[in-house]
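> What follows is a predicted protein model with its sequence.
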Protein chains: 4
Amino acid sequence: MSSKKYKIQDDLGLGLQPVVKNQRVINRDGSSNIRRTGTPFFRTADTYNALITMSWSAFNLLVFSAYLLINVLFALVYLALGIENLDGIRPGHSAFMHFMDAFFFSAQTISTVGYGHISPAGITTSFVAALECLIGLLSFALATGLLYGRFSRPSAKIRYSKNIIVAPYWDITGLMFRLANYRSNQLIELEVSIMLTYNATVDGKVIRQFVPLELERNRISLLTLSWTVVHPITEDSPLKTMGPDFLKTSKAEFIVMLKAFDDSFSQTVHSRTSYKDEELVWGAQFISAISLDEMGVNVLDLTKIDALQKVSLPAG
Amino acid sequence: MSSKKYKIQDDLGLGLQPVVKNQRVINRDGSSNIRRTGTPFFRTADTYNALITMSWSAFNLLVFSAYLLINVLFALVYLALGIENLDGIRPGHSAFMHFMDAFFFSAQTISTVGYGHISPAGITTSFVAALECLIGLLSFALATGLLYGRFSRPSAKIRYSKNIIVAPYWDITGLMFRLANYRSNQLIELEVSIMLTYNATVDGKVIRQFVPLELERNRISLLTLSWTVVHPITEDSPLKTMGPDFLKTSKAEFIVMLKAFDDSFSQTVHSRTSYKDEELVWGAQFISAISLDEMGVNVLDLTKIDALQKVSLPAG
Amino acid sequence: MSSKKYKIQDDLGLGLQPVVKNQRVINRDGSSNIRRTGTPFFRTADTYNALITMSWSAFNLLVFSAYLLINVLFALVYLALGIENLDGIRPGHSAFMHFMDAFFFSAQTISTVGYGHISPAGITTSFVAALECLIGLLSFALATGLLYGRFSRPSAKIRYSKNIIVAPYWDITGLMFRLANYRSNQLIELEVSIMLTYNATVDGKVIRQFVPLELERNRISLLTLSWTVVHPITEDSPLKTMGPDFLKTSKAEFIVMLKAFDDSFSQTVHSRTSYKDEELVWGAQFISAISLDEMGVNVLDLTKIDALQKVSLPAG
Amino acid sequence: MSSKKYKIQDDLGLGLQPVVKNQRVINRDGSSNIRRTGTPFFRTADTYNALITMSWSAFNLLVFSAYLLINVLFALVYLALGIENLDGIRPGHSAFMHFMDAFFFSAQTISTVGYGHISPAGITTSFVAALECLIGLLSFALATGLLYGRFSRPSAKIRYSKNIIVAPYWDITGLMFRLANYRSNQLIELEVSIMLTYNATVDGKVIRQFVPLELERNRISLLTLSWTVVHPITEDSPLKTMGPDFLKTSKAEFIVMLKAFDDSFSQTVHSRTSYKDEELVWGAQFISAISLDEMGVNVLDLTKIDALQKVSLPAG
């Protein structure tokens, strides 16, 4: 009895559960189609993660709201401690004006601007103000870290072609998609892999199969232009015997995994995407997105990454 | 005489000392069961490490206490230099009120809020205040770095199953444990290894043995669901001839080492744990922690990672 | 039909487009000679990249201008809200002086210095001032991150010799260039490769060829002195049959790619450069840039990295 | 003519220059014994490097001196612009007191504490003050980055034994040294190599030879205790035929290179050291630095890393 027998082939760690509806295993943005329960509601690392990855408008709104809210809370505390403990507030004001004065005193304290035309008196109010300074300084220390984290987070922003196609390739056909770097940073040492996954019936049970597809080339040194990734459909290819119908009924999906080194941030970055059978076009070829300008310089037009034209395939 | 003869097999660097009491070699949280003496009392890197890894409540308490303490110290300095050098302090106060005034002036200075209703006069007091500003700014610069370090520290938070089990596996049995990602960040390119370690008598001397256990698979591309790591107990397995009694008397321990790439922070992370013989359950199997919701999406319930049920094992 | 047939040799990802004018494929500073269109005008990561990589004088000018501009804008807002809402402004001033007062109030607010001799009154003006504090704090949080990013960005600054030469080498000749570390940080585990690229006519079509050149050694452990990288022109070398004329007419270019580990920043760094045929000198050798001082210490003179002398080559 | 012939064996990149005096190739702290000239006097990255790696006392002194200096400079500017433009300065003071007032105003401005009992008047003075705020904020932004850089810089602090020894080893002898982690952070996946380098006469010319020494084991998974690195002096070892006299006259040096992953900072770290012949002890063995406490826990005493005792060696 050999221990080889119990070796499992690569299934990416996605398990053998078949796809029952038409959902994706990997979403187009590279995230997994999984829900998790049983995690605690609040965790520091996840909060940081959320604050780092949320959109700029949401982040700015959150910072502004938090600033308003904390000043409202402190204003209420100062009012409760007695408005007479804030020197410089004009007497005889309405309750609303007193609240606004306390609010602005709070804002001047938490931001450490401290003009001083309003200043705290009495031990309790002075102590609350001293505490508010501390909270303000720590909050902005936090904001500094968050802003740095938001800006410096390395992540490949890869523009994948909308479709994966079966195109003529030398004397046979090939499965192809195209990708380009959507950012101006330099990506080097790129490695890409394609995994075909589909439902198959094994011993009367429907399980999910995972088959790696061999590529014409799986790494390049520099991604300066676009890269057309090609799986030649040779006799050895699992696609040789699979037609569009089979891929549809077996809920096939092509999972693309890319790894690169971001030369600007000196860090390794990863990107994933997937193509479902409805994004697969049989009998098409990509129209070049690269042209030559009058100086002899190659020009890459990122808007043309998706451009296709229909062609007939050689008889397989 | 071959130089091969002097090659040592992997013992993880933990040495050959036998385990004499029932202590662990590796603790469940992955730390080592080692004490170190002869290190200097204070070292910068260790201090930073401690400030980064302490709990949030301890960190906040420390910051608050340091803020109080430093203001008390500066208040005493200002009192010693003469309360008359602080313009704006109301005369005729009690000594306690003078201390409080000096304390609040210190807080307003170190936080750079500087309302100005109290201000320094005289060269010495002004100089101390100028120095306190500098200390304040550097302290909050430090706090900024610490907060960023606390938040952005990459570390895998892996939820390992409470038990390691011997379960039916195809036509034989297998040693298994389960793990899942406790955080919402994406872990990719995971590699895991299990090392069995136990006391053995070699040439009449008790030494610690280390044997790597071959796995069904030792790497997955994505950890989106849970991962059941399996060592098939084949004829080649050292566990084939070891029963529960042997593992107990030889103070056996299974050391688990995991390596992954954290896609959110773009950094390699490591995690370790261990299972002692009392955490090993013979004849059990894991109850699935994954279910399918009405949308066809896989749902992972992290509270079920430990769920077991007793089963009988096939006759070995 | 073998799948081997469809494997592509390494072309660095630069494509097969021939070089039509005399432009470089890789510029001397390592960037690619590519233009990209179709990208959005503004993107966060690119902006960060630009702010991190711009020169210090441009960066300082930008910060100073932004500070002036934002204070001018807020001054106009305060004027629009009514100068009488800024307490402490001397009445009867000219419109220009009122603008200047509002400008300085703005500067004192955004920097949180807040002397308080001018202070906001009225709800709207106070609110704008509170908002300006927030903007100021966030801006300087951003500046902190940018300054840290600018300083700590790891990048190899490699000083490549101006020329690549064909020099006598043992009993044959070798293609050589020299490099040294221009910074004082320690580079270790260096790997270098040279790729020769030129226009060739294949099946009547001009395409770009890429041929890796085998090196005498392609890695060193430490870069403390200069490193003369040598491709021995053996019988196996593609250069054996190419003379200066062929390299010129085929628009040849030698692409150099270097990878190293920066021991000071603990990060992997990459560097690229290229040599065109006009930078290739046939029949020269490098003059040593290393001398021995009176203490027996090796001294590397970085100004001599380019130093050449003409020699005659052995008959090939 | 084979291209193999021109392959160079690893010399670490240190070149073939012989050691003429008794200087080291690699210093004990891992730096190289090289001087560099021809570099520009000031470079940003090197400045950052220096500020990050200088001692804490030097760093604090530098910050304090810079704070004094910049305030003296701005005080002189405020005096030159006319002390009457600083509102709140008491008239009739001496020139020295005016300087001190300007100095403290500058300190209150650059730190943004801005009490306001002294405030700027007039356009020029107000503008200088606004500029000083900006400089202050940027300076402290810089200090924040530097403090973070100083604290978070990953670097292995390895404690190497003072001596390298030739000790009995099984039935032969072995070259050994010991190392331990001097910090409390966890080092994993350690790799070590030893290179022997000495002067040798080849074809009548003295050049420097580099010979890697094969190790009993060159990697461990965890460095929790001390690690005794052993090169068994087998028949294959270059040391088999070299005695203490040869090592002395040939100016031999053992260069140690260590690589590890710092689990606390999630970064790869490197460490180097070297042993000269005068640090080599023939006929000694290390006294164990590890003991067992009453709880059965291993205790590593870092003060005993150097502890040796003389022994006689087996006849070679």
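Received, thanks. Numbering: from 1, shown residues only, chains lettered A, B, ... in the order given.

> for the longest helix seen in chain A, which positions count as buried?
The residue-count maximum for a helix in chain A (DSSP state H) belongs to helix A:123-152. For helix A:123-152, a neighbour-count test (16 or more other C-beta atoms under 10 Å in any protein chain shown) marks A:125-134, A:136-152 as buried. Using the backbone N, CA and C atoms, a C-beta is placed for each residue, glycine as well.

> Report the angle between it and helix B:123-152.
Interaxial angle, helix A:123-152 versus helix B:123-152 (axes from the mean of the first three to the mean of the last three C-alpha atoms, to 10 degrees): 50 degrees.

> Which residue ranges make up each domain of chain A?
Listed by automatic domain parsing, the domain ranges of chain A are A:44-152, A:156-310.

> Mean pLDDT for those domains - can I get that in TSV?
Shown next, in TSV, are these (pLDDT from 0 to 100):
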stretch	mean pLDDT
domain A:44-152	91
domain A:156-310	89
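
> Ok, which of those domains comes nearest residue A:16?
Comparing those against residue A:16 with C-beta to C-beta, the closest turns out to be domain A:156-310 (4.4 Å).

> how far does the closest one sit from the chain's center?
19 Å (C-alpha atoms, centre = their mean, to the nearest Å).

> does it come close to chain D?
No. Judged by C-beta under 8 Å from any C-beta of the partner chain, domain A:156-310 and chain D are separated, with a smallest distance of 11.0 Å.

> Spell out the secondary structure type for residue A:16.
Put simply, residue A:16 is coil when judged by DSSP: H, G, I helix; E, B strand; the rest coil.

> Check the gap between it and chain B for me.
11 Å (C-beta to the nearest C-beta, to the nearest Å).

> Quick check: closest non-adjacent residue to that residue.
Among residues not flanking residue A:16 along the chain, residue A:207 sits closest, at 4.4 Å (C-beta to C-beta, 6 or more residues apart in numbering or on different chains).

> Share the number of residues neighbouring that neighbour, please.
14 (other C-beta atoms under 10 Å in any protein chain shown).

> cool, residue A:192 as well?
Residue A:192 has 20 nearby residues by other C-beta under 10 Å.

> hang on, it packs against residue A:229?
Yes. Here residue A:192 lies in contact with residue A:229, judged by C-beta atoms under 8 Å, at a distance of 5.5 Å.

> So residue A:77: helix, strand or coil?
On the basis of three-state DSSP, residue A:77 is classed as helix.

> who touches it in this structure?
residue A:128 (C-beta atoms under 8 Å, 6 or more residues apart in numbering or on different chains).

> Who are the contact partners of residue A:152?
A:265, C:48, C:145, C:149 are the contacts of residue A:152 under C-beta under 8 Å, 6+ apart.

> In contact with the third one, which residues are there?
This means residue C:145. Contacts for residue C:145 were tallied using C-beta under 8 Å, 6+ apart; they are A:144, A:147, A:148, A:151, A:152.

> Out of those, flag the one nearest to chain D.
Nearest to chain D among these: residue A:144, at 7.1 Å, using C-beta to the nearest C-beta.

> Distance-wise, check the closest one relative to chain B.
According to C-beta to the nearest C-beta, residue A:144 stands 5 Å off from chain B.
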